[in-house]
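K.L.:
Return atomic coordinates for the entry below.
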Amino acid sequence: MTSCGAKSCRADERRFTASRRNFLKVGALAGSLLFFPTPLLGSILSDERTAWYRDAKFGMFIHWGPYSLASVEASWPIMTPKPGGITEAEYVDLPKRFNAEKFDARAFVELARSAGQRYMVFTTKHHDGFCMFDSAYTSYKITNTPYGKDIVEQLSSACKEADMPLGFYYSPADMHHPAFRDTSKPASVNWHGEPTRPEWPIYLDYMQLQLTELLTRYGPVALIWFDGLNDQQKYDGRRFLELIHHLQSATLVNDRIGVPGDYATPEQFIPKGIPTKDVRFNAVDSRVNEKLRPVVPTPEDFQLWETCMTINNQWAYNEHDRGFKSAQFLTRSLVEVASRGGNFLLNVGPRPDGTIQPEFQERLRAIGDWLSINGDAIYGTSYGPVQGVASIRTTAKENKIFVHVFEWPTGALEISGIKPRVLSARLLATGQAVEFAQTEQTTRLHLPPQMPDRDVTTIALITA
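P.N.:
So this is what the prediction gives:
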């Protein structure tokens, strides 16, 4: 079993050889990159490069490709196949049937806007190696499907029109590329990649060529979201960090290519405490939480971070996956993340025809409705001064502290840890003033008997 037909592999090998020659024409790039500085020092809270990202707080992740036709997860069915599941040959052939005839890039952006999401991250290439953009260096791409059009180009244009920052997910792994692994074998036996083979440098050159395409053909790229799986050091991450900063100095980079990036990426969980630079995340290993405590770090110690999460159980579209998280759970997750200084990247998996299922849309618009009233307590905030209290979360910016109430008290709400003098308090949901009393130890808020917002009720405190 192979990842591509014999003719396809031979054609791609010729293309890869040409790519290596073209690589030498990318300018005197490789030599100049060695000396290009990477602006990763100092307090992240004062870094101008990350300012937009820290303010945005909420983004849309999009996992989409031919795998949506089979209602299977992206890439993993060929990496870790299950008995009775789709075969590798069937999976690799899915692009032959992929025709996203109802795709409307503007509708995607409109949905993100209505949800209150302020940036988008799109999967340009997942681990399977299939490209959702018209790469010159592979035949395994969207423009060779019945659909035939460059998805990334359309989404990029729609985002430019709407002034929506767009980032690109790009997997350093590639099950289709014969220099990443021996494609005469099933992907299940060598999906980790084979960096000891003499072909490995060709694969790294291929990565450089494709990243150069993404960073030079589609306008400003807000961020590159790598997903390097395991043993990420094999990708020579510093080389690609410097390439990205050379081509677009403002582009942010995550932490999944073997070197520290601009932000950490816990996956499908929210850290129990505020991440700091002395705690390294294993992206999908929540045991890192045991090292975190509900304390407030200094700005210099804070680690910028982003939790990515699905609305149901799978990243890719699956018509059988009905395990949808509630709008309340997702809204509270956004608040939880913001209260610890992070960003919330919430995923949608479009259907094969290019539309987003109504269950996703309903939840996204519900979050947007909440943000239309409470957005001041999320956008542009950082972690709050009170941490580790089960019934509330706090965010802060300038002279405001926002108290997000999850469990409505039967009496007054007493909060310890608010040091600045409180001048006024009001409910964001209704605008109603809240009576309060403050001592050196506690701030006591006299709330109405009923919780105005069943998802999260937020109180804005104006401080001296």
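K.L.:
burial measure for residue 279, as a count.
P.N.:
If you count neighbours by other Cβ atoms under 10 Å, residue 279 ends up with 17. Where C-beta positions appear, they are placed from N, C-alpha and C, glycine not excepted.
K.L.:
Check whether it really touches residue 290, as I assumed.
P.N.:
No - using Cβ atoms under 8 Å as the test, residue 279 is too far from residue 290 to be in contact (10.0 Å).
K.L.:
How many residues are close by residue 423?
P.N.:
Residue 423, neighbours per other Cβ under 10 Å, totals 12.
K.L.:
Dig out what the closest residue to it other than its chain neighbours forms beta bridges with.
P.N.:
Ranked by Cβ to Cβ, 6 or more residues apart in numbering and with sequence neighbours excluded, the top spatial neighbour of residue 423 is residue 462, at 4.8 Å. In this entry, residue 462 is beta-bridged to residue 400, residue 424, by DSSP bridges.
K.L.:
ok, residue 462 - how many residues close by?
P.N.:
Close neighbours of residue 462, defined as other Cβ under 10 Å, add up to 15.
K.L.:
ditto for residue 372
P.N.:
Residue 372: 10 neighbours (other Cβ under 10 Å).
K.L.:
what about it, distance to residue 109?
P.N.:
Separation of residue 372 from residue 109 (Cβ to Cβ, to the nearest Å): 17 Å.
K.L.:
related to what we said a few turns ago, ok, now which ones touch the residue nearest to residue 423?
P.N.:
Applying Cβ atoms under 8 Å, 6 or more residues apart in numbering to residue 462 gives the contacts 399-400, 422-425.
K.L.:
Likewise for residue 256?
P.N.:
225-228, 232, 265, 283.
K.L.:
how close does it get to residue 225?
P.N.:
Distance from residue 256 to residue 225, by Cβ to Cβ: 8 Å.
K.L.:
Over to residue 366?
P.N.:
Counting by Cβ to Cβ - residue 366 and residue 225 are separated by 25 Å.
K.L.:
Mind checking which of these two has more residues around it?
P.N.:
residue 225 (26 against 17).
K.L.:
from what I can see that one touches residue 172, true?
P.N.:
No - contact criterion Cβ under 8 Å: residue 225 and residue 172 do not qualify, at 11.1 Å.
K.L.:
hey, where'd the strands end up in the stretch 51-200 of the chain?
P.N.:
All strands of the stretch 51-200 of the chain, identified by DSSP state E, counting those that start in this stretch, fall at 58-62, 120-125, 166-170.
K.L.:
And for the stretch 351-464 of the chain?
P.N.:
382-383, 392-397, 400-405, 413-416, 422-427, 435-438, 442-446, 457-463.
K.L.:
domain assignment for this structure?
P.N.:
6-381, 384-463 (automatic domain parsing).
K.L.:
Please report how far the spatially most central residue of the chain lies from residue 244.
P.N.:
Residue closest to the mean C-alpha point of the chain, counted by Cα atoms, centre = their mean, is residue 345 at 4.7 Å. As defined by Cβ to Cβ, residue 345 lies at a distance of 19 Å from residue 244.
K.L.:
again with residue 285
P.N.:
26 Å.
K.L.:
Between the two, which has more neighbouring residues?
P.N.:
The neighbour count for residue 285 versus residue 244, taken as other Cβ under 10 Å, is higher for residue 244 (27 against 11).
K.L.:
List the buried residues for the helix or strand where that one lies?
P.N.:
Assigned by DSSP states H and E, residue 244 belongs to helix 237-247. For helix 237-247, burial by neighbour count (16 or more other Cβ atoms under 10 Å) applies to 237-245, 247.
K.L.:
Same list, these, but as JSON lines with pLDDT and distance to residue 96 please.
P.N.:
As requested, those are arranged in JSON lines below (pLDDT from 0 to 100; distance: Cβ to Cβ, whole Å):
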{"residue": "237", "pLDDT": "98", "distance to residue 96": "34"}
{"residue": "238", "pLDDT": "98", "distance to residue 96": "38"}
{"residue": "239", "pLDDT": "98", "distance to residue 96": "35"}
{"residue": "240", "pLDDT": "98", "distance to residue 96": "31"}
{"residue": "241", "pLDDT": "98", "distance to residue 96": "36"}
{"residue": "242", "pLDDT": "98", "distance to residue 96": "38"}
{"residue": "243", "pLDDT": "98", "distance to residue 96": "33"}
{"residue": "244", "pLDDT": "98", "distance to residue 96": "33"}
{"residue": "245", "pLDDT": "97", "distance to residue 96": "38"}
{"residue": "247", "pLDDT": "98", "distance to residue 96": "33"}
